[in-house]
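> Any chance you can model this:
(chains A and B)
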Amino acid sequence: MSGFRADPGMLQTLADATVDQRAAIAQQIVNDVKEHYPTAEVVVDGDRVSATTYGSFDHLKEWGSVNNPPHFYMRMAAAKRGRFTPE
Amino acid sequence: MTDTIVIQPYVSKLVIWFLVDQEEVTDLVDPRNIVTDISANPTFPLVRVTEAPGSMSDHRFLGQRLVQVDCWGPGKGDRDAAQLLAETCAAVMQARFRDLVEYRGEAAVVTIVEIGTARPGTDDEFIPGKPRSTFTASIYATPALGTDTGS
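Predicted coordinates:
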């Protein structure tokens, strides 16, 4: 008879162990959007990894407005480079 | 060798026809104001559905679409109405936009639908900014083969 008991810290262990790999994926996303969002960069904050952009009008390009359609550049790049799930 | 071709479903068009058919949604917005392209002089409340490509299976059968749904309320500062409209659209899509979806000549088999949180924001094109709530949906769909949509 065998059993499995999850390590209560398993998720944190996984998060810590995959920072570099997730940062590499985030870099691919940044590379994909750089043409549209020149300020885009990878941000690593502890075990959190993100592709972030700082341009004043980038939110208008990504999300649109009543006068402009959204262009989805960041979300399309995320879908292309991994399994994008909207949050 | 076969020359059979498979046309991918037009998912955002299907989403619009779906929303137009949902009573909970049309209680909040005139069905004529659920659109893909906003007119020069729009009336509110207003729902805009925009589609972008996601991933596609190797044999070009199962495709992911990213769909952004934007909702504006009736008034200049009606944040609550915009959010309720977005949340209602999100809820009906989560509950009913799956399996064989067929409306008004458009059809698809939706295998996965993932709806993000309806996010309250502000559309700065207006002065002062007009509340707008937005959510993104990830929809995996295949053509509805064998379905005579009449289109």
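> Contacts for stretch A:46-62, please.
When contacts are defined by Cβ atoms under 8 Å, 6 or more residues apart in numbering or on different chains, stretch A:46-62 is touched by residues A:12, A:15-16, A:19, A:22-23, A:26, A:29-30, A:33, A:36-43, A:68, A:70-75, A:77-78, B:124. Every residue, glycine included, has its C-beta placed from N, CA and C.
> Narrow these to those that are buried.
By neighbour count, with 16 or more other Cβ atoms under 10 Å in any protein chain shown, the contacts of stretch A:46-62 hold A:22, A:26, A:29-30, A:33, A:36-37, A:40, A:42, A:70-75, A:77-78 as buried.
> ok, which of these also contact chain B?
Of the residues in those, proximity to chain B by Cβ under 8 Å from any Cβ of the partner chain holds for A:70-72, A:75.
> and stretch A:34-49, C-alpha only, in CSV?
Extracted C-alpha coordinates of stretch A:34-49, given in CSV (Å, rounded to 0.1, in the frame of the first residue of the first chain):
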residue,chain,number,x,y,z
LYS,A,34,8.6,45.5,-28.3
GLU,A,35,7.7,47.0,-31.7
HIS,A,36,4.4,48.2,-30.3
TYR,A,37,5.4,48.8,-26.7
PRO,A,38,9.1,50.0,-26.7
THR,A,39,9.2,50.3,-22.9
ALA,A,40,8.2,46.7,-22.3
GLU,A,41,10.5,44.7,-20.0
VAL,A,42,10.6,41.6,-17.9
VAL,A,43,10.0,42.3,-14.2
VAL,A,44,11.0,39.7,-11.6
ASP,A,45,9.8,40.4,-8.1
GLY,A,46,10.6,37.6,-5.7
ASP,A,47,8.9,34.5,-7.3
ARG,A,48,6.6,36.7,-9.4
VAL,A,49,7.5,37.2,-13.1
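> Roughly how far does the residue in chain A positioned nearest to chain B sit from B:Leu85?
Using Cβ to the nearest Cβ, the single residue of chain A nearest to chain B is A:Pro86, 3.0 Å away. When distance is defined by Cβ to Cβ, to the nearest Å, A:Pro86 is 18 Å away from B:Leu85.
> A:Tyr73 now?
When A:Tyr73 is compared with B:Leu85 (using Cβ to Cβ), they lie 26 Å apart.
> ditto for B:Lys76
In this structure, B:Lys76 lies at 16 Å from B:Leu85, with Cβ to Cβ as the measure.
> Could you check which of those two has the larger neighbour count?
Residue environment comparison for B:Lys76 versus B:Leu85 gives the larger neighbour count to B:Leu85, 26 against 12, counting by other Cβ atoms under 10 Å in any protein chain shown.
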